[in-house]
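# Model the following, please.
(chains A and B)
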Amino acid sequence: MKILIVDDFSTMRRIIKNLLRDLGFNNTVEADDGSTALPILQAGGIDFLVTDWNMPGMSGLELLQHVRSDPNLAKLPVLMVTAEAKREQIILAAQAGVNGYVVKPFTAAVLKEKIEKIFERI
Amino acid sequence: MTGLDEIVDLQGFEKTLQEQAAELMKLLDKGDFAGAMQLLAALSEARNNMLYQEVGRLTRGLHEAIKQFNIDVEKSAALQVAQEAHDGDTHSEVSNAHERLNHVLELTESAANKTMDMVDASMPIAEELGEQAKLLRKDWQNMADQQSSMSELKDLGRTTETFLQEIEKGAAQLQSNYTEILLAQGFQDITGQLIKRVNGLVNDVEKSLIQLVMVAGKVDIITGVNREQDTDETKLATETVAAKEKEANVKGHGPLVLDEEAVDVVSGQDDVDDLLSSLGF
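Residues are numbered from 1 along each chain as shown, chains lettered A, B, ... in the order given. Here you go, the predicted structure:
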């Protein structure tokens, strides 16, 4: 299971990476925004995408939209981990086909629960 | 003409205008056109004087604001063109604020990394000690369950002593790591102070801007400009705000800072879950 973590803050990437490691996911790659994440995804081999929303360049929502419109990536599970908390935005993300939505600040337990829930459905 | 030269404020001007209008009517009724024209000329002059006065105030206010915030206009313009001009001398309040905020960014990042480094260093120590304790406990259990020879007891004693040494060492290491974590939280103090200063500047700028707008408002009244009728402008501004909001919904708003901002916002993960499940998730 190879996971791509996309966040513009290296500290947040590190926190998510550590939490994922604790959950038993050791194989992670990182990108600092949507436009650097997309080539990594297109190169293949990524099984799960964890992305922030608010990033310079391409935002997480735009990344999600790109993923869903690419036939090779359309089925990739995507978890949004973000400080964006407007109802309108959560609805936008749901419409764009997000698989899970975690608001920052979050706990390890919440992240675990959402990831497990996503994998249950696959 | 009575008192027209001494008008100092807008209210005074308004009052005089009313009085002089009545006077004007009287003169016209009497058929004194020369007198009426003189009165009109005097009123017009008074209006111009008021205008010059208020424009003067506006200009002075702008100068004061620029002086107060020590904004180097030429340098700021050059900075925007060149996108860099980090020579370290004559800094304006605003560029100081930029630097302060950048410093906040650096401090928070380094504190977060430091803390995580220490956690990374401490985890294996706790893990290792736990493993050793488990093994040693088994040895002690075995000893209690069966008859052990003297040499086996001695071996167990030595292993136990080594383990106790490991605990001592590990505890000292953990203690020092925890102290480092504690010290790393000092960023809160420094960044708090920096942010307070920037906040103060933002407040001052806001106050000065409001003052300028009030002075400019007087100029509007004297020149007969009615801002409320500039509907095209207002409409344009509203449209820009709406467009920005729409864009922010895609690009992201960033973390919420004030409670007042929290309009149509979820209050936490439970709220998100409720909303998503209502959407069929």
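# Find me the pLDDT at residue 87, would you?
No chain was given, so I picked chain A. For A:R87, the model assigns a pLDDT of 91.
# looking at chain B here, not the other one
B:D87 carries a pLDDT score of 44 in this model.
# any idea which helix or strand comes after the lowest-mean-pLDDT helix or strand in chain A?
Of all helical and strand segments in chain A, the minimum by mean pLDDT, DSSP states H and E falls on helix A:10-22, at a mean of 85. Using DSSP states H and E, the next helix or strand after helix A:10-22 towards the C-terminus is strand A:28-31.
# partner strands of that next one, parallel or antiparallel?
Strand pairing for strand A:28-31, using DSSP bridges, gives strand A:3-6 (parallel).
# mean confidence score for the partner strand?
For strand A:3-6, mean pLDDT rounds to 97.
# Ok, stretch B:58-65 next?
For stretch B:58-65, mean pLDDT is 78.
# just stretch A:41-58 next, same as before
Mean per-residue pLDDT for stretch A:41-58: 94.
# Stretch B:123-133 now?
For stretch B:123-133, the per-residue pLDDT averages 95.
# same check, this time on stretch B:244-263
Taken as a whole, stretch B:244-263 has an average pLDDT of 68.
# by contact count, what packs against the least confident helix or strand of chain A?
The helices and strands touching helix A:10-22, judged by 3 or more Cβ pairs under 8 Å, 6 or more residues apart in numbering or on different chains; DSSP states H and E, are strand A:3-6, strand A:28-31, helix A:108-121, helix B:93-145. Heads up, the C-betas are built off the backbone N, CA and C, glycines and all.
# measure the spatially closest residue to A:A74 that is not a sequence neighbour to A:L41 for me?
Spatial nearest neighbour of A:A74, chain neighbours left out: A:R68 (5.5 Å); criterion: Cβ to Cβ, 6 or more residues apart in numbering or on different chains. Distance from A:R68 to A:L41, counting by Cβ to Cβ, to the nearest Å: 12 Å.
# Between those two, which has more neighbouring residues?
Neighbour totals were compared for A:R68 and A:L41, and A:L41 leads with 22 against 16 (other Cβ atoms under 10 Å in any protein chain shown).
# residue contacts, the more buried one?
A:L4, A:L49, A:V67, A:L73, A:L76 (Cβ atoms under 8 Å, 6 or more residues apart in numbering or on different chains).
# Identify the residues contacting the least confident helix or strand of chain A?
Contacts for helix A:10-22 (Cβ under 8 Å, 6+ apart): A:3, A:5, A:7, A:28, A:30, A:32, A:50, A:52, A:81, A:104, A:108, A:111-112, B:109, B:112-113, B:116, B:119-120.
# List only those of those residues flagged as buried.
With burial judged by 16 or more other Cβ atoms under 10 Å in any protein chain shown, the buried subset of the contacts of helix A:10-22 is A:3, A:5, A:7, A:28, A:30, A:32, A:50, A:52, A:81, A:104, A:111, B:112, B:116.
# How about the third one: what's its closest non-neighbour residue?
Nearest residue to A:D7, sequence neighbours excluded (Cβ to Cβ, 6+ apart): A:D52, at 4.1 Å.
# Now flag whichever of the contacts of A:L41 is closest to B:Q20.
Of all the contacts of A:L41, A:V67 has the smallest distance to B:Q20: 74.2 Å, by Cβ to Cβ.
# Pick out the residue nearest the middle of the chain.
As the question left the chain open, I've gone with chain A. Chain A has A:V50 as the residue nearest its centroid, 1.9 Å off, counting by Cα atoms, centre = their mean.
# wrong one, I was asking about chain B
Note on chain B: the residue nearest the mean C-alpha position is B:N199, at 5.9 Å, using Cα atoms, centre = their mean.
# residues in contact with the residue of chain A found nearest chain B?
Chain B sits closest to A:N54 of chain A, with a gap of 2.9 Å, by Cβ to the nearest Cβ. Contact analysis of A:N54 by Cβ under 8 Å, 6+ apart lists A:D8, A:G60, A:T82, A:A83, A:E84, B:K251, B:G252, B:H253, B:G254.
# Highest neighbour count among those?
With neighbours taken as other Cβ under 10 Å, the top of those is A:G60, carrying 31 neighbours.
# what about B:D9, distance to B:L39?
Using Cβ to Cβ, B:D9 is found at 21 Å from B:L39.
# quick one: the nearest residue to B:L136 once chain neighbours are set aside and B:E128, what's the gap?
Using Cβ to Cβ, 6+ apart and skipping the chain neighbours, the partner closest in space to B:L136 is B:F163 (5.3 Å). Counting by Cβ to Cβ, the separation of B:F163 from B:E128 is 11 Å.
# Same check on B:L107?
Counting by Cβ to Cβ, the gap from B:L107 to B:E128 is 33 Å.
# Those two: who's more crowded?
For B:L107 versus B:E128, the count of surrounding residues by other Cβ under 10 Å is larger for B:L107: 18 against 12.
# May I ask you to confirm that that one is in contact with B:Q185?
No: applying Cβ atoms under 8 Å as the test, B:L107 and B:Q185 come out as separate, 11.1 Å apart.
# Which part of the stretch 101-250 of chain B gets nearest to chain A, residue-wise?
Residue nearest to chain A within the stretch 101-250 of chain B (Cβ to the nearest Cβ): B:A112, separated by 4.0 Å.
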